[in-house]
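**Q** Sequence and predicted structure below; questions after.
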2 protein chains.
Amino acid sequence: MSSREAGKNQRRDDIVGAARALMQRTGDMGFSMRSLAEQAGVSIATPYNLFGSKQAILLAVLNDDLAEYQQALDGLQADEIEALFEGIKLMSAMLAREPEFYRNVICAVSRDGPEFRYMVGGPRYLIWKRLLRQATQAGLLDSQVDPDAFAIASSQLIVANVLEWAQGALSLEEMTARNHYGLALVLRAIATDASRAKLETQMRSAEATLQQLWRQVLAERLQRGELDAETRELLADQLKYLNPTNDEETP
Amino acid sequence: MSSREAGKNQRRDDIVGAARALMQRTGDMGFSMRSLAEQAGVSIATPYNLFGSKQAILLAVLNDDLAEYQQALDGLQADEIEALFEGIKLMSAMLAREPEFYRNVICAVSRDGPEFRYMVGGPRYLIWKRLLRQATQAGLLDSQVDPDAFAIASSQLIVANVLEWAQGALSLEEMTARNHYGLALVLRAIATDASRAKLETQMRSAEATLQQLWRQVLAERLQRGELDAETRELLADQLKYLNPTNDEETP
DNA sequence: CTTCAGTATATAACATGTTCTAGCCACACG
DNA sequence: CGTGTGGCTAGAACATGTTATATACTGAAG
């Protein structure tokens, strides 16, 4: 590698690192291309030369983290069905470690165009498919179903939940519970006799968690007062569908 | 209503109408707030006075259309399970009527914040719940499952598909097939003996449609040449996950 | 009819993503 | 050791969403 390219890679890393630092430090705002350039010690034109767009930079940042997650998934040792549930727990744990950071980057990346979907949907979903295949081979899932169609539908549910969380429509707990529920639900659809009981249990457990979360949030709302009885019922319904995090008071 | 408010409402309608016209005519671009103000014959400040933001205007536009859809859903006469499938077909038909328009407005509206989710997730998802309840009462779905949790998961699948379509990651046909598949899948998870066979059929049918679509797109790609055999397999997998519409040649 | 409050208007301004232009410097090659 | 060129830089410029300000109009109250 010529020293020219070395310098280029250096700058590339500087920029990605600066993006990471900015988002972790300042939360959503403060991450303008101008502040990024300043933080990285380069001109504003350079990120465009090296990456092409703001979104591409964020994709690069997220890509690093997803690689880590993928590695953790690979090292997972568990019963075939459990492994799937462990996989989504692992993801929740990752998001919980730096929620502000992930919220921002996921939000920004998924905004413009389908690149985010390509990223989580391309090679990465092969892991998901592998886990499903293993479960099928272990006789825990109906071998008749098309593995691709199923893998797509199930991963879509999870991605949708993550996106809602990133957009601030869900608390992390509810996102996790929804993932748990959704996964149990779709797996139950293709369960075999060997796994049906276990998935039933998983589903009930997730259901209970969700119901408790809803009750909790609803109670807080009711306690905070200010609602006529007619909207109360509608509110209860809406709460079940979307459970916005109440961040209005945080500066 | 005083003539003051009348004038205000008039302007409001003008703006919503102008937004509609602009998006139908020019496709995505051309819908800047400045061009909107010009088209509506008002100052650029007025839309902000009356709506507050660009997104709010687009929400108002979409809201009209969703109301229509809701009405069509209400008038649906079919077997309880069939009604659910008819519901998503109806949606596909609506999107197919003015694809460019819906693509733009859905994309723009879902971009910033969770307002779009609130819109489709609030009162509107009650209809969905009602259809599910009817099916349950008819003995076609397991009455043990929490209707809210299930309604959320299932509607999420569908919304996710629509969003992917709006972002250009899916053809309308594939979106429809995925909705069909996803709905059959989750319903199968809570089917009763009375409905299991029928849902099995639906699922197989959707599977077949999906597989055919994938084969078709894959064949086109292969025919177009330029791919070494090693990436061929990966491509096949990716194609199954995401099937981008190939619009590169349209201006 | 006068007056006044509310509201639209014109216009400027600001922040942001992105692009363009011109210059400049260091590295590779002769 | 020259020299030229690729690639970075500074900075301006542009389009866009949004906000602020000052002005003009207009319908309603006295």
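**A** Here it is on my side, so go on. Residues are numbered from 1 along each chain as shown, chains lettered A, B, ... in the order given.

**Q** For A:T209, list the residues it contacts.
**A** Listed by Cβ atoms under 8 Å, 6 or more residues apart in numbering or on different chains, the contact set of A:T209 reads A:A177, A:H180, A:Y181. Yep, even glycine has a C-beta here, placed from its N, CA and C like the rest.

**Q** Nearest residue to the middle of chain A?
**A** Per Cα atoms, centre = their mean, the C-alpha nearest to the average position across chain A is that of A:V162, at 3.5 Å.

**Q** and stretch A:158-168, what's its mean pLDDT?
**A** The average pLDDT for stretch A:158-168 rounds to 92.

**Q** ok, residues contacting it?
**A** Contacts of stretch A:158-168 (Cβ under 8 Å, 6+ apart): A:88, A:91, A:95, A:102-103, A:106-107, A:110, A:117, A:120-121, A:170-172, A:175, A:178-179, A:182-183, A:242, A:244-245, A:247, B:113-114, B:117, B:156-157, B:159-160.

**Q** helix or strand for A:F31, which one?
**A** Under DSSP states H and E, no helix or strand contains A:F31.

**Q** What of A:F150?
**A** helix A:147-166.

**Q** Now do that helix: distance to the chain's middle.
**A** Centroid separation between helix A:147-166 and its chain, computed with Cα atoms, centre = their mean, to the nearest Å, is 9 Å.

**Q** What's the first helix or strand after it?
**A** From helix A:147-166, the next helix or strand downstream (DSSP H and E) is helix A:172-189.

**Q** and that next one with chain B, contact?
**A** Yes: interface with chain B: helix A:172-189 contributes A:R178, A:Y181, A:G182, A:L185, A:V186, A:R188, A:A189 (Cβ under 8 Å from any Cβ of the partner chain).

**Q** Next, the angle from the helix or strand just after that helix to helix B:172-189.
**A** Next in sequence after helix A:172-189, counting helices and strands by DSSP H and E, comes helix A:193-223. Orientation of helix A:193-223 against helix B:172-189 (axes from the mean of the first three to the mean of the last three Cα atoms, to 10 degrees) gives an angle of 100 degrees.

**Q** If we only consider the residues of helix A:172-189 next to chain B, which is nearest to DNA strand C?
**A** Comparing the residues of helix A:172-189 next to chain B against DNA strand C with Cβ to the nearest atom of the strand picks out A:R178 as the nearest, at 30.5 Å.

**Q** Quick check: that closest one touching A:L172?
**A** No: if you go by Cβ atoms under 8 Å, A:R178 and A:L172 don't touch, sitting 10.7 Å apart.

**Q** The two - which one has more neighbours?
**A** A:R178 (28 against 15; other Cβ atoms under 10 Å in any protein chain shown).

**Q** Quick check: phi and psi on the closest residue to chain B within the stretch 1-150 of chain A?
**A** Nearest residue of the stretch 1-150 of chain A to chain B, counting by Cβ to the nearest Cβ: A:P114, 3.7 Å away. Here is the backbone geometry of A:P114 (degrees, to the nearest 10): phi -90, psi 10.

**Q** Show me just the buried residues among the residues of helix A:172-189 next to chain B.
**A** A:R178, A:Y181, A:G182, A:L185, A:V186, A:R188, A:A189 (16 or more other Cβ atoms under 10 Å in any protein chain shown).

**Q** Once you drop chain neighbours, what's closest to the fourth one?
**A** What it means is A:L185. Here the nearest residue to A:L185 in space, its sequence neighbours aside, is B:A189; by Cβ to Cβ, 6 or more residues apart in numbering or on different chains that works out to 5.0 Å.

**Q** try the first one
**A** Of all residues beyond its chain neighbours, the one nearest A:R178 is A:N161 (4.9 Å), with distances taken as Cβ to Cβ, 6+ apart.

**Q** Closest to DNA strand D out of the residues of helix A:172-189 next to chain B?
**A** Distances from DNA strand D to the residues of helix A:172-189 next to chain B, taken by Cβ to the nearest atom of the strand, are shortest for A:R178, at 29.0 Å.

**Q** Up against chain B, what does the stretch 1-150 of chain A have?
**A** With Cβ under 8 Å from any Cβ as the criterion, the stretch 1-150 of chain A comes near chain B at residues A:111-114, A:117-118, A:121-123, A:125-126, A:129, A:145-146, A:148-150.

**Q** So which of the residues you listed belong to strands?
**A** Among those, DSSP state E puts none in strands.

**Q** PyMOL command for the buried members of the residues you listed?
**A** In PyMOL, a selection of the buried entries from the residues of the stretch 1-150 of chain A next to chain B looks like this (16+ other Cβ under 10 Å):
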select buried, chain A and resi 111+114+117+118+121+125+129+145+146+148+149+150
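
**Q** Restricted to helices, list the residues of the stretch 1-150 of chain A next to chain B.
**A** Using DSSP state H, the subset of the residues of the stretch 1-150 of chain A next to chain B located in helices is A:R111, A:R117, A:Y118, A:G121, A:Y125, A:L126, A:K129, A:D148, A:A149, A:F150.

**Q** Run a quick check on the fourth one versus A:S155, I expect a contact.
**A** Yes: under the criterion of Cβ under 8 Å, A:G121 is in contact with A:S155, at a separation of 7.4 Å.

**Q** Give the intersection of the neighbour lists for the two.
**A** In contact with both A:G121 and A:S155: no residue, using Cβ under 8 Å, 6+ apart.

**Q** Need the worst-confidence member of the ones in helices among the residues of the stretch 1-150 of chain A next to chain B.
**A** Ranking those by pLDDT, A:G121 lands last with 76.

**Q** distance of that one from B:E220?
**A** Look at A:G121 and B:E220: by Cβ to Cβ, to the nearest Å, they are 19 Å apart.

**Q** and A:I190, what does it touch?
**A** Contact analysis of A:I190 by Cβ under 8 Å, 6+ apart lists A:L141, A:D142, A:V145, A:F150, B:L185, B:R188.

**Q** Among these, find the lowest-pLDDT one for me.
**A** A:V145 (91).

**Q** re the thing from before, pLDDT value on the residue of the stretch 1-150 of chain A closest to chain B, please?
**A** With respect to pLDDT, A:P114 scores 82.

**Q** how near is the residue of the stretch 101-250 of chain A found nearest DNA strand C to A:Q55?
**A** Closest contact between the stretch 101-250 of chain A and DNA strand C, by Cβ to the nearest atom of the strand, is at A:D112 (7.2 Å). Counting by Cβ to Cβ, the separation of A:D112 from A:Q55 is 6 Å.
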